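# Quick one: sequence and predicted model below, then my questions.
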Amino acid sequence: MSTIKVNNIENRTGSSITIGGSSTTSLNLASTITGGTLTNTPAFLAYPSSAQTISANTITTGAYNTEVYDTDGDYDTSTYIFTPTKAGTFYIFGSCAWNDVDTGQDMYFNIYLNNSTHIFQARNKSNGNRQTQIGGVIVEMNGSTDNVRIRIEHSDTSGTIQMAEGRFRSMFGGYRLIGA
């Protein structure tokens, strides 16, 4: 085994630098490396631009229709679904701020995989007008057909309540984890 110690590596004009060859299976990078192309992508963050009315005892997809960022164009602002184009392990998170909630009503904040597998749920009883639920989950996604969405529901006997709008009140996001 040989060791090369240098202070700077530069490519020639019009060329690139290749580390490893066709038989390289891994490349260990020091923990002190910053910047570069090691990024947690695809990644997205969205929020509802207006309050969303939710009927009682009805599971409803949260309308997170305004993107803060979407690195790979994988979040759909019309269906509110994230379908990553790269496989990997993802951290998916979100929040739902509720308006007009009667005391004692059940509220549910759910993250679904492929609209059928329930992978996270926050449930609590209201103690007044405004409530916020938050949560996150780590999930494997295949990078072609797997998708996630937030589904919300409540049992408020008055009939409807609202998911509050705004980036800092209700949000939905996620990113691919490096090294997982």
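Thanks, I have the structure now. Numbering: from 1, shown residues only.
# ok, and the helix or strand in this protein with the lowest average confidence?
strand 160-163 (a mean of 78; mean pLDDT, DSSP states H and E).
# List of residues touching it?
Residues from elsewhere that reach strand 160-163, judged by CB atoms under 8 Å, 6 or more residues apart in numbering: 48, 51-56, 62-63, 96-101, 105, 152, 154, 170. Quick note: C-beta positions are derived from backbone N, CA and C, even for glycine.
# Tell me the buried residues within those residues.
48, 51-52, 54, 62-63, 96-98, 101, 105, 152, 154, 170 (16 or more other CB atoms under 10 Å).
# Specify which member of those is nearest to residue 127.
Using CB to CB, residue 101 comes nearest to residue 127 of the buried ones among the contacts of strand 160-163, at 8.9 Å.
# From the buried ones among the contacts of strand 160-163, which land in strands?
Residues of the buried ones among the contacts of strand 160-163 located in strands (DSSP state E): 52, 54, 96, 97, 98, 152, 154.
# so where do the strands sit in this protein?
Under DSSP E, the chain gives strands at 43-47, 52-55, 60-61, 66-70, 75-76, 81-82, 88-99, 106-113, 117-125, 131-141, 148-154, 160-163, 171-176.
# For this structure, give me the ranges with low pLDDT.
Applying pLDDT under 70 to the chain picks out residues 1, 19-38, 128-129, 158-159, 180.
# repeat that for 90
1-40, 53-59, 97-109, 116-134, 153-169, 178-180 (pLDDT under 90).
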